[in-house]
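K.L.:
sequence first, predicted model second:
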Amino acid sequence: MDQKYFRIFSEAAAALFIFALAGAVFAQGVPETSYVQYISPGKNFRCLQPAGWSVLESPEYSREVTKADGVEVYRGGLEDRVTISVRYYPAGNQLHENMEAYIRAHSRPVLVALPESSYGPVSDMDVKGARAKTFTRNGIEFESHVYNQRLGTYVEPLHPRRFPYTEKFIVVPAKSGFVAFRYKSRPDLTAQYEGAFRKVMESFSFLESAG
């Protein structure tokens, strides 16, 4: 093969390899997620949830007392935890009088803002024709317990590690109450799992048996 054409061929092959490698890296950065159908413990709603994620449901006694229904799914440990939660608050629930009360409780400090915490503005958005509200907040979580090998149990650390997080809220009026969707993650992981949060929210629907 002529050296000139061999050089052109080699450069083209190298370029194709680099593009393929970049595509593989990009695919790893945005993980593919499969989903399973989920029905809330109070039989009020259904939605999709990421397959393989851990599930934390509202206990029955809590639902009876608060009248709220919901679920939280999460992946990872404290260092890389990603959490998506869906909560339905019907009229008369014992946690939040109405949608406005919920937004006030989560979109600004209760008394005084903690160090390194911040709150974004409350904005309007459309969710399936409903006029919803959305906002974000950022903060720091601290490691509360570590495993002590010598004692064989968990203890409070003398110097707890700090983990920053960002949290997104979308609050939607529904039926006689409202639904709150929350997405919480480490800031550098937010973009990776935003699609999963959207998928859960967009798949939400009430069951006919819901009050």
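P.N.:
Right, received. Where do you want to start? Numbers count the residues shown, from 1 in each chain.
K.L.:
list the buried residues for stretch 106-117?
P.N.:
Across stretch 106-117, burial judged by 16 or more other Cβ atoms under 10 Å covers His106, Ser107. The C-beta positions use only the backbone N, C-alpha and C, and glycine is treated the same way.
K.L.:
what's next to that stretch, contact-wise?
P.N.:
Stretch 106-117 has contacts (Cβ atoms under 8 Å, 6 or more residues apart in numbering) with Tyr119, Val122, Phe135, Arg137, Asn138, Gly139, Ile140, Pro164, Phe169.
K.L.:
and which of these is nearest to Pro187?
P.N.:
Within the contacts of stretch 106-117, proximity to Pro187 (Cβ to Cβ) peaks at Pro164, which comes in at 5.9 Å.
K.L.:
let me know whether that closest one touches Ile140 as I believe.
P.N.:
Yes - counting by Cβ atoms under 8 Å, Pro164 touches Ile140, with 5.6 Å between them.
K.L.:
just the helices in the protein please.
P.N.:
For the chain, the helices defined by DSSP state H cover 3-29, 60-66, 99-106, 190-202.
K.L.:
what residue ranges in the protein are flagged as low confidence?
P.N.:
Along the chain, the parts satisfying pLDDT under 70 run over 1-32, 112-114, 143-148, 154-155, 157, 209-211.
K.L.:
can we see that at 50?
P.N.:
1, 3-30 (pLDDT under 50).
K.L.:
now a PyMOL select for only the buried ones of the contacts of stretch 106-117.
P.N.:
Applying 16+ other Cβ under 10 Å to the contacts of stretch 106-117, the buried members can be selected in PyMOL as follows:
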select buried, resi 122+135+137+139+169
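K.L.:
sort out for me which of the contacts of stretch 106-117 are in strands.
P.N.:
Among the contacts of stretch 106-117, the ones falling in strands (DSSP state E) are Tyr119, Phe135, Arg137, Asn138, Gly139, Ile140, Pro164, Phe169.
K.L.:
returning to that earlier point: go through the contacts of stretch 106-117 and say which is closest to Cys47.
P.N.:
Within the contacts of stretch 106-117, proximity to Cys47 (Cβ to Cβ) peaks at Phe169, which comes in at 16.5 Å.
K.L.:
which residues does the closest one contact?
P.N.:
The contact partners of Phe169, by Cβ under 8 Å, 6+ apart, come to Ile103, His106, Ser107, Lys133, Thr134, Phe135, Thr136, Arg137, Ala180, Phe181, Arg182.
K.L.:
now do 10 Å
P.N.:
Residues near Phe169 by Cβ atoms under 10 Å, 6 or more residues apart in numbering: 85, 102-103, 106-107, 120, 122, 132-137, 180-184.
K.L.:
just the buried ones from those residues?
P.N.:
Neighbour counting with 16+ other Cβ under 10 Å marks 85, 102-103, 106-107, 122, 132-137, 180-184 as buried within the contacts of Phe169.
K.L.:
who does the most centrally placed residue in the chain form a beta bridge with?
P.N.:
Taking Cα atoms, centre = their mean, the centroid of the chain lies closest to Tyr183, which sits 2.5 Å from it. Per DSSP bridges, the residues bridged to Tyr183 are Ile84, Lys168.
K.L.:
wouldn't it be in contact with Gln192 here?
P.N.:
No - proximity of Tyr183 to Gln192 does not meet the contact threshold set by Cβ atoms under 10 Å, at 11.6 Å.
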